[in-house]
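**Student:** requesting a structural model of the entry that follows:
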Amino acid sequence: MAKVLVTGSAGFIGGYVVEELLGRGHEVVGLDNFSKYGPVSHSYDDHPRYHFVEGDARDVDLVTKLLADCDHFIAGAAMIGGISYFHAYAYDLLATNERIMAASCDAAIAAHRDGKLKKVTYMSSSMVFESTTTWPSKEGDERNVPPPLSSYGFQKLAVEYYAKAAWDQYHLPYTIVRPFNCVGVGEGRALGEAEVLSGNVKLAMSHVVPDLVQKIVKGQDPLHILGSGDQVRHYTYGGDLARGIVVAMEHEAATNNDFNLSTAESTTVLALAEVIWRKIKGPDVPFQIISDDPFEYDVQKRVPDVTKAREVLGFEATTSLDTMLDEVIPWVTQAVHDGRL
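**Tutor:** Next comes the predicted model:
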């Protein structure tokens, strides 16, 4: 089994990744500064093979020290959130994530040269395909379509350039993974001064599922959605994504390779909103919506080609949207009642 450093370990996807690594017998060092949600606790905090360090992933000396005896590095730390988040913090997330990525690569280059680090697994995003006009997006398209217009998408594309440049110059092996629309428990209200209203409810600066659930739970009727609702997304369960990320970390054929990690199922935002509405309100309450002006970088379609992950890694995201929502809706409902959303 390997010893793995996970930066952003207290975050939304990071929590699922740590759980998956521990479940597969690995030893995990988690690094996080709690900048997104504040201090959070997880079921594995006291696990004998889990060691948590509170600190900043921009601290090169700290990351270098933590990587000294690690076999793998999952570089997951980043400012990240839903569409309202990356519009509210367009500059901060670009500047912060660039510093995190430079520090991560500097530390990993040293640990690969002087220690036993085998590979870095980089967390990219479906947003690298933001400007595409053809679907499904397959691996390699990110270098052939126009660059993303949002600072978030542009920075995630830069992550992939960091990975390849560190290989080209320092022969630091890499794997790039691109999660599509993660759905799961653990997203709270993001810390920060920016507040964005959607109708009479403040967005939690989270992804679309928790924001829709909290608006319905808080009684918003008609329901406000961003744009027409025709946006196409691939809602993928956090546990499935974590399995794909760890399989990509472990798999020999994943070295110096990149993978879309996603469900194969397309869903429009409007269809998602109605499913959530019915699950909370029941079949008899009329489903009514108001379309608010969309954000500037609200991508109309994000549709992945998942063939490569299936054929090379044997990975498929199989958890249904119904199953995800049956887990997430009670969690968000409780978070609303507790005042966390």
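**Student:** all contacts plus neighbour counts: C-alpha atoms, from now on.
**Tutor:** OK.
**Student:** all helices for the protein, in order.
**Tutor:** Counting by DSSP state H, the chain has helices at residues 12-23, 60-67, 83-88, 90-114, 151-170, 208-217, 238-250, 269-281, 307-308, 321-337.
**Student:** would you mind giving these as a markdown table with mean neighbour count added?
**Tutor:** A markdown table is the format used below for the helices of the chain (neighbours: other Cα atoms under 10 Å):
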| stretch | mean neighbour count |
| --- | --- |
| helix 12-23 | 22 |
| helix 60-67 | 19 |
| helix 83-88 | 20 |
| helix 90-114 | 19 |
| helix 151-170 | 19 |
| helix 208-217 | 23 |
| helix 238-250 | 23 |
| helix 269-281 | 18 |
| helix 307-308 | 17 |
| helix 321-337 | 17 |
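**Student:** now the ones you listed in CSV, with mean pLDDT?
**Tutor:** Converted to CSV, these look like this (pLDDT from 0 to 100):
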stretch, mean pLDDT
helix 12-23, 96
helix 60-67, 98
helix 83-88, 78
helix 90-114, 97
helix 151-170, 97
helix 208-217, 92
helix 238-250, 98
helix 269-281, 97
helix 307-308, 98
helix 321-337, 94
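**Student:** out of these, which gets nearest to residue 128?
**Tutor:** Closest approach to residue 128 among the helices of the chain (Cα to Cα): helix 151-170, 5.2 Å.
**Student:** run the angle between the closest one and helix 90-114 for me.
**Tutor:** Counting by axes from the mean of the first three to the mean of the last three Cα atoms, to 10 degrees, helix 151-170 points 20 degrees away from the direction of helix 90-114.
**Student:** which residues are contacting helix 151-170?
**Tutor:** 86, 90-91, 93-94, 97-98, 101-102, 105, 109, 122-125, 127-130, 142, 147-148, 172-176, 256 (Cα atoms under 8 Å, 6 or more residues apart in numbering).
**Student:** swap the cut-off to 7 Å and go again
**Tutor:** With Cα atoms under 7 Å, 6 or more residues apart in numbering as the test, helix 151-170 has contacts from 86, 90, 93-94, 101, 109, 124-125, 127-128, 130, 147-148, 172-174, 176.
**Student:** what backbone torsions are found at the residue of the chain most remote from its centre?
**Tutor:** Ranked by distance from the centre of the chain (Cα atoms, centre = their mean), the top residue is residue 284, with 34.8 Å. When quoted as degrees, to the nearest 10, the phi and psi of residue 284 stand at phi -100, psi -20.
**Student:** let the chain start at 44 from now.
**Tutor:** Yes, from this point I'll number from 44; that puts the last item at residue 327.
**Student:** how near is it to residue 73?
**Tutor:** Separation of residue 327 from residue 73 (Cα to Cα, to the nearest Å) stands at 46 Å.
**Student:** which one of the helices of the chain lies closest to residue 305?
**Tutor:** Per Cα to Cα, nearest to residue 305 of the helices of the chain: helix 281-293, 7.1 Å.
**Student:** what helices and strands are in contact with that closest one?
**Tutor:** Judged by 3 or more Cα pairs under 7 Å, 6 or more residues apart in numbering; DSSP states H and E, the packing partners of helix 281-293 are helix 55-66, strand 217-222.
**Student:** what does the last one contact?
**Tutor:** When contacts are taken as Cα under 7 Å, 6+ apart, the neighbours of strand 217-222 outside the stretch itself are 162-169, 203, 206, 284, 288, 292, 297-305.
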